[in-house]
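1. Predicted model and sequence follow; I will ask about them next.
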Amino acid sequence: MFKAKVLFIGPNESGKTVLANFLSDTADVGGEYRPTQGVRILEFESQAEGSHDNDKCDVELWDCSGDFKLETCWPAILKDSSGVVIIFNPDVPSHLKEIETWHSMFISSQGLQDSQCLLIAHHKPGSVVQDGRLPLASHLGRLPLIHSNLEEEPEDVKQAFCRYLGSVVKAMSESREREEMSIIT
């Protein structure tokens, strides 16, 4: 069974903790906003859709603070990560700009494949979800994007995350195979 270390990153108050709790079946979804201090690590088992035989996958989900004052900790957080999910609130214009910084710090610098990354446009309760195109920078437009609305379509969010995990596990498997082949040859 694969163990995937997946980082949830993005601007403050974008919904990272709410999504992390929901996807890991950890706690109530919602409640009063409390900023994450540093990082929270949630461990759970999930289906990895699209991987070999839709394997189960042990997930180590790192719910990271969106506070830039913790930037010095990011290299340690990034170490051995299998995937990165950038979560943002599409209703906050500054988030669309800020996710470019998150992308350069966490994805570009790590050389992760697009399939190991995911953008989640997380809609807060009561906001209007428009599935139209978001004004994203061109390099972000290549990444898979899902809209999440836990009030109206929670199972769609869970299924999309399982498909994402499948692509992460597939990339990990291919990387392991290449490594094994390089040892053999």
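-> Alright, I've got the coordinates.

2. Tell me which helix or strand K5 sits in.
-> strand 2-9 (DSSP states H and E).

3. List the buried residues for that strand?
-> 2, 4-9 (16 or more other CB atoms under 10 Å). (Each C-beta comes from the backbone N, C-alpha and C, glycine too.)

4. Skipping its backbone neighbours, what lies nearest Q37 in space?
-> S65 (6.4 Å; CB to CB, 6 or more residues apart in numbering).

5. Equivalent analysis for H147, please.
-> According to CB to CB, 6+ apart, the nearest residue to H147 is A121 (4.8 Å).

6. Next: Y33.
-> Nearest one to Y33, counting by CB to CB, 6+ apart, is E13 at 6.3 Å.

7. Which parts of the chain are strands?
-> 2-9, 39-47, 56-64, 83-88, 117-122, 145-148 (DSSP state E).

8. Which among these is found nearest to I183?
-> Counting by CB to CB, I183 lies closest to strand 2-9 out of the strands of the chain; the figure is 19.3 Å.

9. got the angle between that closest one and strand 117-122?
-> 50 degrees (axes from the mean of the first three to the mean of the last three CA atoms, to 10 degrees).

10. Quick one: list the elements packing against the helix of greatest length in the chain.
-> Ranked by residue count under DSSP state H, the longest helix found in the chain is helix 154-184. With contacts taken as 3 or more CB pairs under 8 Å, 6 or more residues apart in numbering; DSSP states H and E, helix 154-184 sits against strand 2-9, helix 16-23, strand 39-47, strand 56-64, strand 83-88, strand 145-148.
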